[in-house]
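[1] Provided below are the primary sequence and the corresponding predicted coordinates.
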Amino acid sequence: MKIVNYLKETYDELVRKVSWPSAKDLQSSVLVVSIASLIIALIVFLMDALFNAGMGLLFPTI
């Protein structure tokens, strides 16, 4: 009986108490997260390239 009560309360909370974002809000959030992800990926790529170049200077291949 506890499981049924838990499921009913969960459904009630999701339907009546949670405020879901509008489609416009969701699109703007997706845009912000996408741009931030691309910037972070670019920073990591540049750090990796610099580290690789530094290692190439310290340990040149024969």
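    The structure has been received and is ready for your questions.
[2] and G56, how far from E13?
    To E13, G56 is 57 Å away according to C-beta to C-beta, to the nearest Å. Every residue, glycine included, has its C-beta placed from N, CA and C.
[3] next up, phi/psi of F59, please.
    Dihedral angles of F59 (phi, psi; degrees, to the nearest 10) stand at phi -130, psi 80.
[4] can you read off the pLDDT for P60?
    Model confidence at P60, expressed as pLDDT, equals 89.
[5] now do it against M47, distance only.
    Look at P60 and M47: by C-beta to C-beta, they are 21 Å apart.
[6] between those two, who's got more neighbours?
    Neighbour count, other C-beta atoms under 10 Å: between P60 and M47, M47 has more, with 10 against 7.
[7] give the full set of residues in contact with the more buried one.
    Residues near M47 by C-beta atoms under 8 Å, 6 or more residues apart in numbering: none.
[8] buried residues in the helix or strand containing it, which are they?
    Remark: M47 resides in helix 23-58, with elements defined by DSSP states H and E. Within helix 23-58, no residue counts as buried by 16 or more other C-beta atoms under 10 Å.
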